[in-house]
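**Q** just to be clear, the model below is a prediction. Sequence and coordinates:
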Amino acid sequence: MDTDGQWLSRPTFEAGLDTSLLAEVLREYRQANGLNQGDLAKLLNLDQSYVSKIETGQRRMRDPEALLRIANRLNIPPGHVGVSQELLQPVALPSVAALVDAANPVEVSQSDWKRGRRYLNRHRGELARLAKKLYSPEFHAGDDMTFLARPEWTPERPIPLADIELRWVEHRVPIEVTGGEPEAAGVLPLRAPGRRFERYTSAIRYLDRPSLFENRASYRLLGANLKAGAARLDFGLGTYFDKLDASEAAAHELAEVVRRGPADETPEWSKLPLRALIGDPFDLNRRAVMPAIETLTLRRQRDTGRATFLLHWRDPAKVATAAGIYGLIPAGEFQPSSVAAWDTRNDFDLWRNMVREYSEELLGEPERDGSQGEPIDYAQWSFYRALEKARAEERVSVHCLGIGLDTLTLAATLLTVVVIDDDVFDDVFGQTVRINAEGALVTAIESTSVSEGVPFTEETIRRMLASEPMASPGACILARSWKFRRDLLG
């Protein structure tokens, strides 16, 4: 199975130099010097569209000499664009002093914040393992899992999704910890002399905005019990940024402590004022908890019982969270398609949310965002009808494995599994796209098509959990799905 140690394949992989460093440096250089892409293209004697493709990750420059020419024109060390003395060895990003005027406190603050943000995105796995040590072992989802869950959040066996009652909470529940408190100041850079950004999402928007970054209405989790026979989830309404202002800020806070101190020591609570202010991570009234839904999609061969699953790599240039790591697909926020009252009611359904994600992430269809001015007619949507028909015929099954929190961000995810017979899968997902708005689908290196995915075997699960950068919800789903494989696959 191995090919020089490589066993997974995604479209963004190319032999040669990885120019992710170059993309970041070009963006920082432009921002620090007040240049647009056209100005920078003239300086580098390149076409503007070429510069744009480098910055967005659509084009990778593999020629060391070309990289050296860029470094010379920008008057920065070659190592800062990924060329070391050995020419092919990536190195650290440039220091603040190399790109900005150290006498300007605002630029220094913002540049340092961006370095912290990059450190967070590149070390989420290690940081999550450190964060796990901050919480009682009784809530650890597993020895190797960076995931937290209350006992009533983890059912003893998979629960059919249809058995979970959703209850709407009419009254507004105030958010006690918003991420705008003085305890969050350490991760809020200066916006102007003496003035910090008021929220973490404002800093992301102006300093490190990914291609997908929109403050959408989201369903806020206010109560959860997933024990068999009494499975119920309570929800109100909030926004996506309400979630990020606390969750990503708390993750950045931990990253800064580790970045500036011993990397392998558990940070002291006294150095984590925002996380300490959040306190009990399971207190759903204290902060805004907007759960995502992540799904293991198993394509089951009816004649053999064997299965494969879909894997996704999240592109750091496109997403604000869980960037640069593997996850399952589909995965998305549980949210209505628009802020309209009819969509809030019409879309308040876990399965409908999952189907919308399937259409966007696997088929590449436009997001159903409520722009039609009327609620989505699910009964007339051919893709939805096909999946509903297959569910009624027991050729598609949908289960929930629980809900939990990532140890680093304390963000919640509902863990689900969809098993689809191979003929149904090939019919409804025959036109699966390889690259989508959040990243790229991944296959085993020997696969001949996207739909083959990755083998659902003990070896694959072990490798994903032990040696690949995997988001904690997806890792938990894989581990529990393998444990309950007979229940799920029949």
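**A** Okay, I see it.
**Q** any stretches of the stretch 351-490 of the chain with poor pLDDT?
**A** The stretch 351-490 of the chain contains residues with pLDDT under 70 at 369-372, 444-451.
**Q** please enumerate the strands of the stretch 251-400 of the chain.
**A** For the stretch 251-400 of the chain, the strands defined by DSSP state E, counting those that start in this stretch occupy 292-300, 307-309, 311-314, 326-328, 331-333, 396-406.
**Q** got a markdown table for those, with distance to Y206 and mean neighbour count too?
**A** (Each C-beta comes from the backbone N, C-alpha and C, glycine too.) As requested, the strands of the stretch 251-400 of the chain are exported to a markdown table (distance: least, Cβ to Cβ, whole Å; neighbours: other Cβ atoms under 10 Å):
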| stretch | distance to Y206 | mean neighbour count |
| --- | --- | --- |
| strand 292-300 | 25 | 23 |
| strand 307-309 | 38 | 23 |
| strand 311-314 | 22 | 24 |
| strand 326-328 | 27 | 24 |
| strand 331-333 | 22 | 20 |
| strand 396-406 | 25 | 24 |
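**Q** tabulate those strands (JSON lines), appending distance to W113.
**A** Below are these laid out as JSON lines (distance: least, Cβ to Cβ, whole Å):
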{"stretch": "strand 292-300", "distance to W113": "25"}
{"stretch": "strand 307-309", "distance to W113": "37"}
{"stretch": "strand 311-314", "distance to W113": "22"}
{"stretch": "strand 326-328", "distance to W113": "26"}
{"stretch": "strand 331-333", "distance to W113": "25"}
{"stretch": "strand 396-406", "distance to W113": "22"}
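**Q** which stretch among the ones you listed comes nearest A479?
**A** Of all these, the one in closest proximity to A479, counting by Cβ to Cβ, is strand 396-406 (9.5 Å).
**Q** so what does the helix or strand following the closest one touch, helix or strand wise?
**A** Next helix or strand after strand 396-406 toward the C-terminus (DSSP states H and E): strand 412-421. For strand 412-421, the packing partners by 3 or more Cβ pairs under 8 Å, 6 or more residues apart in numbering; DSSP states H and E come out as strand 292-300, helix 350-361, strand 396-406, helix 472-483, helix 485-489.
**Q** and the helix or strand following strand 412-421, what does it pack onto?
**A** Once strand 412-421 ends, the next helix or strand along the chain (criterion: DSSP H and E) is helix 422-428. Counting contacts by 3+ Cβ pairs under 8 Å, 6+ apart, helix 422-428 packs against strand 292-300, helix 382-392.
**Q** dump these to TSV, plus distance to G179.
**A** What follows is these, written out as TSV (distance: least, Cβ to Cβ, whole Å):
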stretch	distance to G179
strand 292-300	18
helix 382-392	36
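**Q** closest one to P151 among those?
**A** The closest of these to P151 is strand 292-300. By Cβ to Cβ, the value is 20.9 Å.
**Q** show me the one of the helices and strands packed on helix 422-428 that comes nearest A475.
**A** Smallest distance to A475 across the helices and strands packed on helix 422-428 (Cβ to Cβ): 10.3 Å, for strand 292-300.
**Q** and the closest one, average pLDDT?
**A** Average pLDDT, strand 292-300: 96.
**Q** strand partners of that strand, parallel vs antiparallel please.
**A** Here strand 292-300 has these sheet partners by DSSP bridges: strand 307-309 (antiparallel), strand 331-333 (antiparallel), strand 412-421 (parallel).
**Q** packing partners for whatever helix or strand L244 lives in?
**A** According to DSSP H and E, L244 maps onto helix 240-260. Counting contacts by 3+ Cβ pairs under 8 Å, 6+ apart, helix 240-260 packs against helix 105-122, helix 124-132, helix 200-207, strand 217-225, helix 273-278.
**Q** which of the strands of the stretch 251-400 of the chain sits closest to R122?
**A** Of all the strands of the stretch 251-400 of the chain, it is strand 311-314 that lies closest to R122, at 13.0 Å by Cβ to Cβ.
**Q** strands paired with that closest one, and their directions?
**A** Looking at strand 311-314 with DSSP bridges, its partner strands are strand 326-328 (antiparallel), strand 439-444 (antiparallel).
**Q** tell me the domain boundaries of this protein?
**A** Listed by automatic domain parsing, the domain ranges of the chain are 9-79+98-121, 133-172+211-238+279-489.
**Q** sorry, back to before: out of the strands paired with strand 292-300, which gets nearest to G38?
**A** Closest among the strands paired with strand 292-300, using Cβ to Cβ: strand 331-333, at 34.9 Å.
**Q** part of a strand, is L166?
**A** Yes. With DSSP: H, G, I helix; E, B strand; the rest coil as the criterion, L166 is part of a strand.
**Q** quick revisit: the helices and strands packed on helix 422-428: which one's closest to R60?
**A** Shortest distance between R60 and these, using Cβ to Cβ, is found for strand 292-300: 28.7 Å.
**Q** next one: that closest one to chain centre, how far?
**A** Put simply, strand 292-300 sits 15 Å off its chain's centre (Cα atoms, centre = their mean, to the nearest Å).
**Q** quick revisit: nearest to A203, of the helices and strands packed on helix 422-428?
**A** strand 292-300 (21.7 Å).
**Q** orientation of the closest one relative to strand 396-406 in degrees?
**A** Orientation of strand 292-300 against strand 396-406 (axes from the mean of the first three to the mean of the last three Cα atoms, to 10 degrees) gives an angle of 140 degrees.
**Q** and the angle from strand 292-300 to helix 472-483?
**A** Going by the same axes, to 10 degrees, strand 292-300 makes 40 degrees with helix 472-483.
**Q** can we start the residue count at 32 from this point?
**A** Right, with 32 as the first residue, what we last looked at is strand 323-331.
**Q** can you put the helices and strands packed on strand 443-452 in a markdown table and add distance to P293?
**A** Compiled in a markdown table, the helices and strands packed on strand 443-452 are given as follows (distance: least, Cβ to Cβ, whole Å):
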| stretch | distance to P293 |
| --- | --- |
| strand 323-331 | 32 |
| helix 381-392 | 39 |
| strand 427-437 | 23 |
| helix 503-514 | 23 |
| helix 516-520 | 41 |
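**Q** what's the closest of those to W344?
**A** W344 lies closest, by Cβ to Cβ, to one member of the helices and strands packed on strand 443-452: helix 503-514, at 11.3 Å.
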